[in-house]
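Novice: okay, sequence plus prediction incoming.
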Amino acid sequence: MKVIIPLAGFGTRLRPHTFTKPKPLINVAGKPVLGHLLDKLATLDIEEYVFVVGYLGEQVEEYVKSEYKLNARFVEQNELLGQAHAIWLAKDYLHEGPVFVLFVDTLFEADLSQLSKDDCDATIFVKEVDDPRSFGVVTLNKENLISGFVEKPKTMDNRLAVVGLYYFKNAQALIAAIQEQMNRKTMTNNEYFLADAMNIMLERHAKFQTAQVSEWLDCGKPDTVLETNRYLLEHGRDNSVIFQDRRDVIIIAPVNIHPSATISHSIIGPHVTIAANCTITNSILRDTIVDTGATCKDTLIEHSLIGSNSKLEGHYRVVNVGDSSAVGYV
């Protein structure tokens, strides 16, 4: 099985952090988002990974090569023409076998062990939502197979939202549908959406089924990054026990603190991630991510993202500070 991970976007909703690093490398619960995603795939028999990169893509390549031993290719998407276009760029590395497509905005909890055993042409992972109008959704027929894909429906009739995980039994069938989509110039807001390519596959009588994810974690905006951080800390990423014996520091689990961080006279937690080489002094932090090399002094912060090598001093409640910034320092 091949895996395609498109991650060429600018990540505008996560600025200022994505001015200096690509969205997949945002730190959540002690590890970049991309790292959590790759860990989810570790049990699968994967022949090759194809990363479709763009803005700051060299950072993605450096991270993957330094942290993982994968058979990986890196394909550049110079024009952001949409999801389907990103997959199409990987066409030279795909064969008649299966392909698993994952978008890096999404972390998930799902059973992937049965993928290659299914009889359908594709398995689309979904999650039922209360209000589907801001999502792409599937429609189902009487056999509970997928009959169509709808982007941002105007009604509440179909609530199975597509979460960004797609397994196709034959990669070449997917590429052929995308090629037909491009020949037809079927675009939305000047982009080729994967939903339109999959509708072409359905026109050609492909058989699509759904699979439910138990958790769908978004990493596309500051508030959802913090929400994902909370979930991961509560489900296996807490390492607070290592730091409980510090006399001048109170740790309130769950937290993830890198061993190289220096912390004194502070209260940390709950739901705090502190990355490598950070310095925290005379501060109270909760529900916050502090990235590599940052300094927090004499401050109280919550619901905040602190970028790499930033310096924060003073009494703030909520801040969103990009890399190498200084707030309150003179």
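Specialist: The structure has been received and is ready for your questions. Residues are numbered from 1 along each chain as shown.
Novice: name all residues that make contact with the residue most central in space within the chain.
Specialist: In the chain, the residue lying closest to the centroid (CA atoms, centre = their mean) is D105, at 2.9 Å. Applying CB atoms under 8 Å, 6 or more residues apart in numbering to D105 gives the contacts K23, G164, D218, C219, G220. Using the backbone N, CA and C atoms, a C-beta is placed for each residue, glycine as well.
Novice: next, count neighbours for the second one.
Specialist: Put plainly, it is G164. Other residues near G164 come to 22 when the count uses other CB atoms under 10 Å.
Novice: hang on, it is in a strand, isn't it?
Specialist: Yes: judged by DSSP: H, G, I helix; E, B strand; the rest coil, G164 forms part of a strand.
Novice: could I get the contacting residues of it?
Specialist: Per CB under 8 Å, 6+ apart, neighbours of G164: L102, F103, D105, T106, F125.
Novice: return the member of those residues nearest to A197.
Specialist: Nearest to A197 among those is F103, at 14.3 Å by CB to CB.
Novice: thinking again about what came up before, which one of the contacts of D105 has the most neighbours?
Specialist: That'd be K23 among the contacts of D105, by other CB under 10 Å, with 26 neighbours.
Novice: what about the helices in this protein?
Specialist: Along the chain, counting by DSSP state H, helices occupy 33-40, 57-67, 83-88, 171-184, 194-203, 222-232.
Novice: nearest to M156, out of those?
Specialist: Evaluated with CB to CB, the helices of the chain place helix 194-203 nearest to M156, the distance being 18.6 Å.
Novice: ok, and what's touching the closest one?
Specialist: 82-84, 87, 101, 121-122, 124, 136, 146-151, 162, 166, 173-174, 177-178, 180-181, 186-188, 208.
Novice: got it, and stretch 133-147?
Specialist: Here stretch 133-147 has contacts from 120, 124, 126, 129, 148-154, 156, 158-162, 193, 195, 202, 207-210, using CB under 8 Å, 6+ apart.
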